[in-house]
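1. no letters, just coordinates:
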């Protein structure tokens, strides 16, 4: 079926860079002596005042204001998150009013006064708002921060004493995907954060230090990948498939190659490099034929400027032969479905067998025979996007046969090894740098195809190449959370004891298997008879992979909804049902190193006053009805290999760790651990990070592992350093000392998990279909908390992100054409300041003898119970369940109809 | 982005001449926010941008002022100005509320009222450049596709909904639009400005490509009580799922004349005249409000996925009417 014209495809394709190999066979236009300068675009001279300084500049009339600021005036504190006026990262003041600088042409600002984040501080003297953002832990990843600051500044300029609602209203055009809205608002209101520890803090561990790099993040000085420029740098763009499944029958790049200013064009014909990051079980080329999803890269170009690269992409002619496609994960396994990958649509297991992933214990028949009540229900969750504020980008520079790659990655070490593997070169010739990165939530794990495309284009063009994905490309071409279909059958005896749990599930992976594709949550409950069968399935939707707590939020929503229903049918308070059936040992066999899930539930319930607020759902009454819900979650806090190098010189400690700090305050927490281990002042520790040439291996910032892995390596390196000091009888003088450790701790016969219990009250406007969060309480056990301030920010953000998953987010596909219709912040309706409720956070801190000072993890657990808690509250309020995500107004209205 | 030429005409007349000369290549810039996004996404062929920000008449076109029989709102007045201007907020609350409900502060700070009225559709298919009627194609993808947010009234052959918030308010207030074109100017009632797809599939209003919406005249009304209620799919920065602009001219507690206009439900701001007639001469009671709600959705023809909008519209009209009438 070919219902989308080629014209529409070309026009809708997003620009991105891509390039690939065989440089020896390609001669660039420049090398052939063609005119390498594009014909000039209309230009004009404008005069504007930028941060108090009058500037007269020659601009192309098509330049946006943010393009002028970033590319030509080197004011890179202003960021581009969407380039469409949907996110606010580019907010600047124009004649004192906040505007989206992506949505204004530079020529339109002629004669006006522009203020950017760089203009807020007076020399070294920060604006009070900047200081408040530091003290109140405003920035997590920091990519939205300059925009937040500019909106906040406009609010206090107009009214030095705004109300909280006025602050939210005034900042609602600034999305924070880390969802640190509570912190931003509190900072503007000059309300200092509350800091509560359960365990007594140690000397530095357990203390709420502001982030070590907060100043850089609030002044626009933090350098993200897109902010880096090198001489002779080219700009890249990628041409992407407009079809969900099609064979390319002809591709003609002649016009693109002949365009002045184009230095390299790559298609599958010249590039057979495979991108094997993650978990791909079928070869995934940089450019695939057939193309298997809308957004699949087809070609890439590098040119002297952004606009020429974009024009070159549009000049590539491609003929497609449309193939049948399938979007739904369950339908993809039906007999009539088109085969997306050779061998069929059931993605093979690691052992190569084409079988579902199966876990079982006990005997389901026995379990159901012992059950008095059995609930059978199906839950369907959707693909939604990580939507981190910083779109994927890469800058590749070759020096001889050595590659330097700037990339916003969650792991410089694994990106280096991935790149070396895919480019068939020794890892020591690859250097990966990531100083700051604007969030990822799992989709910046490993290397991305954008890294490879930039590298191959740069090799081809013999010049450095920068590739920045557009927001739409980031939505379609990177990855989001895998959609699932979950068929449950769960039985319990009259006394409320679980007897049998069965899950038959399907996960839609898109056409490539990039991650596990599991459906998690069953392990939260004790039950003698369990069977879980999950089929990860190839489909023609965008690729799905890791997104915060990857397999949990959707799985916990399913299982916790069924458990809530089961408790209802047994006429048992869901709180009691949980306490009765809670896991005590992982999968009923492996003891936990420490286990405080019960305490999370009981203390959370007390704080929430659950026993007085929960009542049996009685169906809706009145226009606005309220209900309460609860759900639990766990997330593995594994131990494992990572490295740290400590360098002690003249009383100062340099901590070399290969982390990137995705927004989790990793650098700060690691510095605290180092200071604690060495019994030094926090101020005497400097972190060296984010550069494979300057840092040892570190585990990637995925799986919420950095604190437990790299933090533990720091503790071990410190032990060595202390031994060295002791061998100098404690007096090292000017003697520099260096210690390193790469421990590989394991836990034999035990499981280590962080726990959470969430309690929420919602109100449902039954006439207008709106769900509003009235109160949200998140009770967490994450071992010892290294930094309560920043840990609490993460919990708040994770919960808020989860509310967005529950209520709004879905990448919607047109079923007839297989084309997604709502990529981007506007279409995904991600949470804004006005959507974000205050999230109350409490930590339980058990003593755990593993990990650095008993620390577990914080990053992923908070999103896990959210969707389930809200769904259960909706049932409590209305007596109805919504079994398909997200719980939009449409579905609320339909459920209540 | 394609090569753009920024034209700075000195006057409205000159602007119109440029539009005339450049035809479909030309587009008027008020705030420019949405236009730039559309250019980036190749949703419009515009490459000559006739920028009204530097007009000689700017002093008049970005002004709200009193005039005989009401107020005049220049087409370049920003949504921020409109939502906070004392000549608007108190007497014409519906207009201030509508303007203040648009998008985000950053967009309202540059977005103009004329631009908001003349905004192109935000139908997913249009914005993703499907070859639909609005892009010169041969079908409406939403008719059988993802039509959750599409029209329940006035649809066919295209099922877009009109995205403007200020337009329903202005129609409810009985405003007039002054349009300047190559042969002079014309004044049309706001209610006659918008065009159903079955009349002209290529555009949403009667503005010719060489015409500019210059300013808006809002008549005085005595005893005016008005409000704008907008249902959004998150708490900010979405277009109306459904909205209602209510303007009731009251004699004591009796409605003398009612303006009732719906947003988000039809390819144009939708004026259920039967509801307006029902309300005229009556006190707004609970049962009258309920009847008005029911009447407002009379004749609705929902698509496969937007049946909820019928209920939503009925409830919104009823509740808004009731709460407006019961205000002190």
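-> Yes, it's here. Keep in mind that this is a model prediction, so the values were computed, not measured. Numbering: from 1, shown residues only, chains lettered A, B, ... in the order given.
2. next one: the residue nearest to residue A:409 when sequence neighbours are not counted from residue B:283, what distance?
-> Spatial nearest neighbour of residue A:409, excluding adjacent residues (Cβ to Cβ, 6 or more residues apart in numbering or on different chains): residue A:415 at 4.5 Å. Bear in mind the C-beta positions are built from the backbone N, C-alpha and C, glycine included. Separation of residue A:415 from residue B:283 (Cβ to Cβ, to the nearest Å): 71 Å.
3. next, count neighbours for whichever residue of chain A sits closest to chain B.
-> Residue nearest to chain B within chain A: residue A:173 (2.8 Å; Cβ to the nearest Cβ). Using other Cβ atoms under 10 Å in any protein chain shown, the number of residues around residue A:173 comes to 28.
4. which SS class is it?
-> coil (DSSP: H, G, I helix; E, B strand; the rest coil).
5. please name the nearest non-neighbouring residue to it.
-> Per Cβ to Cβ, 6+ apart, closest to residue A:173 is residue B:104, 2.8 Å.
6. my read: the one you found touches residue B:234, true?
-> No. Using Cβ atoms under 8 Å, residue B:104 is not in contact with residue B:234, being 11.6 Å away.
7. name the residue in those two with the higher neighbour count.
-> Each of residue B:104 and residue B:234 has its neighbours counted (other Cβ under 10 Å); residue B:104 has more, 28 against 20.
8. quick one: contacts for that one?
-> A:88, A:172, A:173, B:236, B:237 (Cβ atoms under 8 Å, 6 or more residues apart in numbering or on different chains).
9. then residue A:718?
-> Each residue near residue A:718 by Cβ under 8 Å, 6+ apart is listed here: A:646, A:674, A:677, A:678, A:739.
10. who wins for neighbours among those?
-> residue A:674 (28 neighbours).
11. buried residues, stretch A:369-389. List them.
-> A:371, A:373-375, A:377, A:379-389 (16 or more other Cβ atoms under 10 Å in any protein chain shown).
12. stretch B:246-253 now?
-> B:246, B:247, B:248, B:249, B:250.
13. closest to chain A among those?
-> Nearest member of the buried residues of stretch B:246-253 to chain A, counting by Cβ to the nearest Cβ, is residue B:246, at 15.9 Å.
14. what helix or strand does that closest one sit in?
-> strand B:242-251 (DSSP states H and E).
15. show the average pLDDT along that strand.
-> Averaging pLDDT along strand B:242-251 gives 97.
16. which residues of the stretch 1-150 of chain B fall in strands?
-> B:5-7, B:26-29, B:48-51, B:64-67, B:70-74 (DSSP state E, counting those that start in this stretch).
17. so which of those is nearest chain A?
-> Here strand B:5-7 is closest among those (Cβ to the nearest Cβ), at 4.4 Å.
18. show me the contacts for the residue lying closest to residue B:114 once chain neighbours are set aside.
-> The shortest distance from residue B:114 to any non-neighbouring residue, by Cβ to Cβ, 6+ apart, is to residue B:75 (3.4 Å). The neighbours of residue B:75, taking Cβ under 8 Å, 6+ apart as the test, are B:30, B:52, B:61, B:112, B:113, B:114, B:212, B:213, B:214, B:215, B:216.
19. tell me, how many residues neighbour the second one?
-> Right, the one you point to is residue B:52. 27.
20. what's the answer for the last one, then?
-> Counted with other Cβ under 10 Å, residues neighbouring residue B:216 total 26.
21. for residue A:740, same thing?
-> Neighbours of residue A:740 under the rule other Cβ under 10 Å: 16.
22. where does it fall, secondary structure wise?
-> Residue A:740 belongs to strand A:737-741, assigned by DSSP H and E.
23. quick check: mean pLDDT of that strand?
-> Average pLDDT, strand A:737-741: 97.
24. show me what counts as buried in the helix or strand of chain B with the lowest mean pLDDT.
-> Least confident helix or strand of chain B, by mean pLDDT, DSSP states H and E, is helix B:58-61 with a mean of 84. By neighbour count on 16+ other Cβ under 10 Å, the buried set for helix B:58-61 is B:60, B:61.
25. which residues of the stretch 151-300 of chain B lie near chain A?
-> B:231, B:233, B:234, B:235, B:236, B:237, B:238, B:241 (Cβ under 8 Å from any Cβ of the partner chain).
26. so what's residue B:107 closest to, chain neighbours aside?
-> Spatial nearest neighbour of residue B:107, chain neighbours left out: residue B:33 (5.4 Å); criterion: Cβ to Cβ, 6+ apart.
27. close to chain B: what parts of the stretch 201-350 of chain A are there?
-> Counting by Cβ under 8 Å from any Cβ, the stretch 201-350 of chain A sits next to chain B at A:307, A:310, A:311.
28. if we use 6 Å, what do you get?
-> Within the stretch 201-350 of chain A, the residues that sit near chain B (Cβ under 6 Å from any Cβ of the partner chain) are residue A:307.
29. again with the stretch 51-200 of chain A
-> A:61-62, A:84-85, A:91, A:97-100, A:103, A:107, A:170, A:172-173.
30. change it to 8 Å
-> Residues of the stretch 51-200 of chain A lying near chain B by Cβ under 8 Å from any Cβ: A:60-62, A:64, A:83-86, A:88, A:91, A:94, A:97-100, A:102-105, A:107-108, A:151, A:154, A:169-170, A:172-173.
31. go on, the stretch 501-650 of chain A?
-> residue A:623.
32. any regions of the stretch 501-650 of chain A where pLDDT drops low?
-> Flagging of the stretch 501-650 of chain A using pLDDT under 70 yields the residue ranges A:619-621.
33. where do the strands sit along it?
-> A:530-537, A:585-586, A:590-591, A:624-636, A:644-649.
34. just send the ones you listed back as a markdown table, with distance to residue A:127 too.
-> Below are these laid out as a markdown table (distance: least, Cβ to Cβ, whole Å):
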| stretch | distance to residue A:127 |
| --- | --- |
| strand A:530-537 | 50 |
| strand A:585-586 | 50 |
| strand A:590-591 | 53 |
| strand A:624-636 | 38 |
| strand A:644-649 | 35 |
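35. gap between the residue in the stretch 1-150 of chain B that chain A sits nearest to and residue B:267?
-> Proximity of the stretch 1-150 of chain B to chain A (Cβ to the nearest Cβ) peaks at residue B:104, 2.8 Å away. Per Cβ to Cβ, residue B:104 is found 25 Å from residue B:267.
36. cool, and residue A:767?
-> In terms of Cβ to Cβ, residue A:767 sits 26 Å off from residue B:267.
37. which one of those two has more residues nearby?
-> A side-by-side neighbour count of residue A:767 and residue B:267, using other Cβ under 10 Å, places residue B:267 first with 27 against 19.
38. touching, the more buried one and residue B:205? I think so.
-> No. Between residue B:267 and residue B:205 there is no contact under Cβ under 8 Å: 10.5 Å.
39. show me the contacts for residue 174.
-> All of this refers to chain A. Here residue A:174 is in contact with A:87, A:88, A:89, A:91, A:144, A:147, A:148, A:151, A:833 (Cβ under 8 Å, 6+ apart).
40. should've been chain B
-> Contacts of residue B:174 (Cβ under 8 Å, 6+ apart): B:189, B:190, B:191, B:218, B:219, B:221, B:247, B:259.
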